[in-house]
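A.B. asks: Here is the input, now give the coordinates:
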Amino acid sequence: MITGRCHCGETVFEINGELPQALTRCTCTFCSRRGALHAYYEPKQVKVTSDAGSDKIYRWNTKTVAHHFCGTCGCTTYSDSPDFQQDGTWDGKTRRIAVNARLFDDFDAEDWPHTVIDGRHLW
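C.D. replies: Have a look, this model is predicted:
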């Protein structure tokens, strides 16, 4: 079980799973500004508890991705997105959760292997 929280603690999450072999850093204009290192999970693996007033969502472009952040401390918490494949295809129903691994308890995301997705040119 992996646990984590935003800076102020109003958003707390549990992940029923293991750390991925590598975290992901996306270079798109949005992700590069947020600075998150993503760990991907199936929605059923992630349980998020947050104060209804503090969970904020930002959607842009196609509006298919819900980028969650804490409205109190501003930490990027997770994104709920289509499970896009590397070629950009999506089956129209399968989703995935990209959790900001920088928020995992007792874990230094910088020390974990990570790969880079060229989001500036993929999307």
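A.B. asks: could you point out the longest helix in the chain?
C.D. replies: Ordering each helix of the chain by length in residues (DSSP state H) puts helix 29-34 first.
A.B. asks: May I see the buried residues of it?
C.D. replies: Phe30, Cys31, Arg34 (16 or more other C-beta atoms under 10 Å). Placement of C-beta: from N, CA and C, glycine included.
A.B. asks: dump the residue contacts of the residue nearest to the second one when sequence neighbours are not counted.
C.D. replies: When you say that, I think you mean Cys31. Of all residues not flanking Cys31 in the chain, Gly119 sits nearest, at 5.9 Å (C-beta to C-beta, 6 or more residues apart in numbering). Listed by C-beta atoms under 8 Å, 6 or more residues apart in numbering, the contact set of Gly119 reads Cys26, Thr27, Cys28, Cys31, Ser32.
A.B. asks: Could you check how far Gly119 is from Asn61?
C.D. replies: Noted for Gly119: a distance of 12 Å to Asn61, by C-beta to C-beta, to the nearest Å.
A.B. asks: and the lowest-mean-pLDDT helix or strand in the chain, which residues are buried?
C.D. replies: The helix or strand of the chain with the lowest confidence, counting by mean pLDDT, DSSP states H and E, is helix 119-122 at a mean of 76. When neighbours are counted by 16+ other C-beta under 10 Å, the buried residues of helix 119-122 are found to be Gly119.
A.B. asks: For this protein, which segments are assigned as strands?
C.D. replies: 2-5, 11-15, 23-26, 38-41, 46-50, 55-58, 66-70, 76-82, 95-100, 114-117 (DSSP state E).
A.B. asks: what's the last one packed up against?
C.D. replies: For strand 114-117, the helices and strands in contact under the criterion 3 or more C-beta pairs under 8 Å, 6 or more residues apart in numbering; DSSP states H and E are strand 23-26.
A.B. asks: same question, the fourth one
C.D. replies: Here strand 38-41 touches strand 23-26, strand 95-100, going by 3+ C-beta pairs under 8 Å, 6+ apart.
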